[in-house]
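Engineer: here are the coordinates; sequence isn't available:
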């Protein structure tokens, strides 16, 4: 691990030597809103030095994203420091939610759900710069 940025009430972001940023939402956070996404964007910009980065999001079963945050997450402006997004979807509820989100709001960057961190990192590293 190279560097960490944390807002413990919302998320922790770790930059690793391979250039991937792992972002873990706080287990007590039930709703991801615009303000949370903007904090993550700022952390990604800082950790990546303004470059487009590969992101891996850890989720948990009870977390939801507000409609406004869903719209923002799929925009070019929000993803200006993002090269690709992988999301841990280790339950049927999360898989359904992600599939619904991807149909409703076409992501601006390559985005995909995975059932393991290892598979997600492998895919992220295959995405060209």
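Structural biologist: Good, I have the coordinates. Remember, it's a predicted structure, so these values are computed and weren't measured experimentally.
Engineer: now the strands: where do they sit in this structure?
Structural biologist: Ranges of strands in the chain, per DSSP state E, are 3-7, 11-15, 20-25, 31-32, 53-58, 64-65, 82-88, 111-114.
Engineer: Reformat these as a markdown table; add mean pLDDT and distance to residue 76.
Structural biologist: No exception for glycine: its C-beta is placed from N, CA and C like everyone else's. Listed next are the strands of the chain as a markdown table, based on pLDDT from 0 to 100; distance: least, Cβ to Cβ, whole Å:
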| stretch | mean pLDDT | distance to residue 76 |
| --- | --- | --- |
| strand 3-7 | 95 | 23 |
| strand 11-15 | 97 | 21 |
| strand 20-25 | 97 | 19 |
| strand 31-32 | 95 | 19 |
| strand 53-58 | 96 | 15 |
| strand 64-65 | 85 | 18 |
| strand 82-88 | 93 | 10 |
| strand 111-114 | 86 | 13 |
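Engineer: Tell me which of those lies nearest to residue 41.
Structural biologist: strand 82-88 (8.2 Å; Cβ to Cβ).
Engineer: Direction included, what does that closest one pair up with?
Structural biologist: Paired neighbours of strand 82-88 in the sheet (DSSP bridges): strand 53-58 (parallel), strand 111-114 (parallel).
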